[in-house]
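[1] missing the sequence, but the structure's below:
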């Protein structure tokens, strides 16, 4: 029976993401909601932005149906979905006319705080390593960082579609391998399907961009999934799945801080951005990340299925990620780096 519901959920999410993005694309074009290229952009022609609203409009109802059917932690899921919907609505306004950094950050903090308020107190994310208050604070900071790094990393065609799809797929497979229950598997598959449907229109050359409405919303819900499986005891798998995004975003942020740059300003300093500029191909870079992410999915599943393999799986995941970063760095020059 589970495989039947997995098939239904995958088809509904994939179809919703695909058809919904196509419909939204027409609206964005008619209303001229376009991302115009600048000297810091990775695209060369005005392109509709905000297509991620179709992903969120697909994902939130499907998750709500799964939560209602599973009847597990309904208050937590309802709160997370309401926070995600509110955050997506605000960031869509940002896509349309722009909002200040402070307004965006406060909205993200409010959404994360709402999610933290309903997390089960008997399943700390850091597994008792810190006192309860510290655990909750660190969880919130990590969640907030994940929301922002997912947004920061959405800089070339296909990249966030690849990341969202593989994280969702990874959560589904980890849930199945570790026996976390049908709901976790369905949440992950819904995320993968909705983002994969969007990716049909965002693959290079992109016909539509995800926009903040998509990258922030997916970062918020994807972060909740990863924190959830960490709280279930599978923190190694939760760390491995998004490891490339975590590494690229964090190392780039640290480099920019050390150079004294204004980190909230747009830039083209990420490893993947510099590689795409040098190679002249968004597709090549996104495919490289996809291949690496599939390796990370396999390692995460191994860590969840066989706890004794966690140290080996994490070591290999770090090596795979470092290898991709090295490859991207070796294909770049200094041009375009920094402010």
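    Done, it's in. Keep in mind that this is a model prediction, so the values were computed, not measured.
[2] the strands in the chain, which residues?
    Shown for the chain, the strands assigned by DSSP state E span residues 34-35, 47-48.
[3] Which one, of those, ends up nearest to residue 197?
    Smallest distance to residue 197 across the strands of the chain (Cβ to Cβ): 16.3 Å, for strand 47-48. The way it works is simple: take the backbone N, C-alpha and C, and place the C-beta from them, glycine included.
[4] Could you name the helices and strands sitting against that closest one?
    Other helices and strands packing on strand 47-48, by 3 or more Cβ pairs under 8 Å, 6 or more residues apart in numbering; DSSP states H and E, are helix 2-30, strand 34-35.
[5] Next, the buried residues of the first one.
    Taking 16 or more other Cβ atoms under 10 Å as the neighbour-count basis, helix 2-30 is seen to contain the buried residues 6, 9-10, 12-14, 16-18, 20-22, 24-25, 28.
[6] returning to what we had before: mean pLDDT lowest for which of the helices and strands packed on strand 47-48?
    Lowest mean pLDDT of those: strand 34-35, a mean of 84.
[7] quick one: that strand to chain centroid distance?
    Relative to its parent chain, strand 34-35 has a centroid offset of 21 Å by Cα atoms, centre = their mean, to the nearest Å.
[8] what's the answer for stretch 309-322, then?
    20 Å.
[9] Now do the buried residues in that stretch.
    For stretch 309-322, the neighbour count (16+ other Cβ under 10 Å) marks 310, 313, 314, 316, 317, 320, 321 as buried.
[10] For it, give the mean pLDDT please.
    Here the average pLDDT along stretch 309-322 is 98.
[11] hang on, the earlier thing: any chance of the helices and strands packed on strand 47-48 in JSON lines, with distance to residue 53 too?
    Shown next, in JSON lines, are these (distance: least, Cβ to Cβ, whole Å):
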{"stretch": "helix 2-30", "distance to residue 53": "6"}
{"stretch": "strand 34-35", "distance to residue 53": "14"}
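[12] okay, which residue is most central for this protein?
    residue 219 (4.1 Å; Cα atoms, centre = their mean).
[13] Give me the nearest residue to that one, chain neighbours excluded.
    Spatial nearest neighbour of residue 219, excluding adjacent residues (Cβ to Cβ, 6 or more residues apart in numbering): residue 150 at 3.1 Å.
[14] who touches the one you found in this structure?
    By Cβ atoms under 8 Å, 6 or more residues apart in numbering, the residues touching residue 150 are 160, 163, 215, 216, 218, 219, 222, 223, 245.
[15] Among the strands of the chain, which comes closest to residue 258?
    Closest approach to residue 258 among those (Cβ to Cβ): strand 34-35, 29.5 Å.
[16] In its sheet, which strands sit next to the closest one, and in what direction?
    Here strand 34-35 is paired, per DSSP bridges, with strand 47-48 (antiparallel).
[17] Pull the distance from the strand it pairs with to the chain's centre.
    Computed by Cα atoms, centre = their mean, the chain-centroid distance of strand 47-48 equals 21 Å.
[18] low pLDDT regions in the stretch 101-250 of the chain?
    Of all residues in the stretch 101-250 of the chain, none has pLDDT under 70.
[19] Now with 90, please.
    101, 120-123, 127-129, 155 (pLDDT under 90).
[20] Now do residue 42, the pLDDT please.
    Looking at residue 42, the pLDDT reads 60.
[21] list the contacts for residue 218?
    Contacts of residue 218 by Cβ under 8 Å, 6+ apart are 52, 55, 56, 59, 150, 160, 164, 191, 195, 210.
[22] Distance-wise, check the second one relative to residue 310.
    Spelled out, that is residue 55. 32 Å (Cβ to Cβ, to the nearest Å).
[23] tell me the most buried of the strands of the chain?
    strand 47-48 (a mean of 22; mean count of other Cβ atoms under 10 Å).
[24] all helices of the stretch 101-250 of the chain, in order?
    Per DSSP state H, counting those that start in this stretch, the stretch 101-250 of the chain carries helices over the ranges 101-117, 132-152, 159-178, 182-202, 211-231, 235-240, 243-258.
[25] closest to residue 293 out of those helices?
    helix 159-178 (3.8 Å).
[26] which one of the contacts of residue 218 sits closest to residue 67?
    Using Cβ to Cβ, the contacts of residue 218 come closest to residue 67 at residue 59, 12.1 Å.
[27] Give the closest residue to that closest one in space, chain neighbours not counted.
    Once flanking residues are discounted, residue 59 sits nearest to residue 194: 4.7 Å by Cβ to Cβ, 6+ apart.
[28] Count the residues that sit near the one you found.
    36 (other Cβ atoms under 10 Å).
[29] Repeat that for the one 3 residues further on.
    For residue 197, the number of neighbouring residues by other Cβ under 10 Å comes to 24.
[30] Quick check: it touching residue 58?
    Yes - Residue 197 is within contact range of residue 58, at 7.3 Å (criterion: Cβ atoms under 8 Å).
[31] so what sits against both of these two?
    Here residue 197 and residue 58 have 13, 16, 17, 20 as joint contacts, going by Cβ under 8 Å, 6+ apart.
[32] And the last one, how close does it get to residue 159?
    Think residue 20. Applying Cβ to Cβ to residue 20 and residue 159 gives a distance of 20 Å.
[33] Residue 229 too?
    From residue 229 to residue 159 the distance is 23 Å (Cβ to Cβ).
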